[in-house]
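Peer 1: pasted the sequence and its predicted model underneath.
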Amino acid sequence: MTTMHVIFLSLIQGFTEFLPISSSAHLILPSQLFGWPDQGPVFDVTVHLGTLLAVLVYFRHDVRRLLVAWFASIFKRKHSSDSKLAWFIILATIPAVVFGGLCSDWIETYTRSAGVIAATTLIFGLLLGWVDLQMPQRFDNSHMSFKHALYIGIAQAIAVIPGTSRSGITMTAARQLGYTREAAARFSFLLSIPIILGAGTLLGVEVAHSSVTMPWHQLGLGFVLSFASALACIYFFLKWITKVGMLPFVIYRLLLGVVLVWMTI
């Protein structure tokens, strides 16, 4: 890849990982539409680590509190709202792990296309807009329950299909259950930590068993840009979401979906 490709894809990964517009779709589209070379697993691992570090830095106090409470619930049998939330994050991660593991070959073969991305972008964009406009904002994350976490986790499993948007569909599910926009976004971001960590680990194993390499300066640039853009994205998204709602992202998804349909017919 050229330096321009690295800069563009790194910023795309950072800005879209946590927005409800699908990062995987935006990373696949350049090669599908413009004939760019596939960035490969080494680059994917690098930018995923950048976005993982961003969410860990932003939520460092929450992560520390949840980890302490989780370990206390195991070794001291001491349960609290934080330990319950930590267990619910683990529970909500399981469906995506199972579905992704069982269907990875089928997903890789049949869903990484502009046509599929166009359909999922439109369908789940409309669903996000409808749910956000219709459902009241009643709950914060202290109201998370076993059933709610499992429901959000099952929704997250669908996001292995490119264009769905992991953050988008988990926020949609949480809003459908009556959670506030901020609570839905925060749970979605915390839920991204084990998912990104797991995906990065699998990609890392793939890289370790391959001979594919990239120049270190390109990997370093990709890591820094994906980290910085993801951190900025989380900060501004949580700052604005209660004011602007999901409508701007819905409109973007609809416009993107229409353009993709036009380009693929």
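Peer 2: Sure, I can see it.
Peer 1: so which residues of this structure form helices?
Peer 2: 3-16, 23-34, 40-58, 60-75, 81-110, 114-134, 146-158, 166-176, 181-208, 216-244, 247-264 (DSSP state H).
Peer 1: and the fourth one, average pLDDT?
Peer 2: This predicted structure assigns helix 60-75 an average pLDDT of 96.
Peer 1: contact partners of it?
Peer 2: Residues outside helix 60-75 that contact it (CB atoms under 8 Å, 6 or more residues apart in numbering): 56, 78-80, 82-83, 85-87, 89, 190, 193. Backbone N, C-alpha and C define where each C-beta goes, glycine included.
Peer 1: chain center to that helix: distance?
Peer 2: 22 Å (CA atoms, centre = their mean, to the nearest Å).
Peer 1: buried ones in that helix?
Peer 2: 62-63, 65-66, 69-70, 72-73 (16 or more other CB atoms under 10 Å).
Peer 1: repeat that for the shortest one.
Peer 2: Applying a neighbour-count criterion of 16+ other CB under 10 Å, one finds 166-176 buried in helix 166-176.
Peer 1: same check on stretch 128-141?
Peer 2: Neighbour count says stretch 128-141 has 128-129, 131-132, 135, 139, 141 buried, by 16+ other CB under 10 Å.
Peer 1: next: stretch 50-60.
Peer 2: Result for stretch 50-60 [16+ other CB under 10 Å]: buried residues 50-55, 58-59.
Peer 1: now swap in stretch 247-264 and tell me
Peer 2: 249-250, 253, 256-257, 260.
Peer 1: and what of stretch 137-154?
Peer 2: 139, 141, 144, 148-149, 151-154.
Peer 1: now swap in stretch 92-99 and tell me
Peer 2: Under the neighbour-count criterion of 16+ other CB under 10 Å, stretch 92-99 has 92-97, 99 buried.
Peer 1: show me which of those residues is closest to residue 2.
Peer 2: Nearest to residue 2 among these is residue 96, at 33.3 Å by CB to CB.
Peer 1: how far away is that closest one from residue 222?
Peer 2: 25 Å (CB to CB, to the nearest Å).
Peer 1: next: residue 69.
Peer 2: Taking CB to CB, one finds residue 69 at 34 Å from residue 222.
Peer 1: ok so, going back, could you export the buried residues of stretch 128-141 as a markdown table, including distance to residue 10?
Peer 2: Formatted as a markdown table, the buried residues of stretch 128-141 follow (distance: CB to CB, whole Å):
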| residue | distance to residue 10 |
| --- | --- |
| 128 | 26 |
| 129 | 29 |
| 131 | 31 |
| 132 | 29 |
| 135 | 35 |
| 139 | 36 |
| 141 | 31 |
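Peer 1: closest to residue 242 out of the residues you listed?
Peer 2: Set against residue 242, the nearest of the buried residues of stretch 128-141 by CB to CB is residue 132 (11.8 Å).
Peer 1: and the residue lying farthest from the centre of the chain, how close does it get to residue 68?
Peer 2: For the chain, the largest distance from the centre (CA atoms, centre = their mean) belongs to residue 76, which lies 32.9 Å off. Look at residue 76 and residue 68: by CB to CB, they are 11 Å apart.
Peer 1: that older thread, okay, the buried residues of stretch 128-141 in a markdown table with distance to residue 161 and pLDDT next?
Peer 2: Formatted as a markdown table, the buried residues of stretch 128-141 follow (distance: CB to CB, whole Å; pLDDT from 0 to 100):
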| residue | distance to residue 161 | pLDDT |
| --- | --- | --- |
| 128 | 15 | 97 |
| 129 | 19 | 96 |
| 131 | 19 | 97 |
| 132 | 21 | 95 |
| 135 | 24 | 94 |
| 139 | 28 | 95 |
| 141 | 26 | 94 |
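Peer 1: residue contacts, residue 29?
Peer 2: Residue 29 neighbours (CB under 8 Å, 6+ apart): 114, 117, 260.
Peer 1: and residue 235, by the same measure?
Peer 2: By CB under 8 Å, 6+ apart, residue 235 lies in contact with residue 58.
Peer 1: shaky segments in the protein?
Peer 2: Along the chain, segments meeting pLDDT under 70 span 24-25, 28, 31-33, 38-41, 206-208, 210-214.
Peer 1: how many residues are close by the residue nearest to residue 166 when sequence neighbours are not counted?
Peer 2: Once flanking residues are discounted, residue 166 sits nearest to residue 159: 3.9 Å by CB to CB, 6 or more residues apart in numbering. Residues lying near residue 159 (other CB atoms under 10 Å) number 23.
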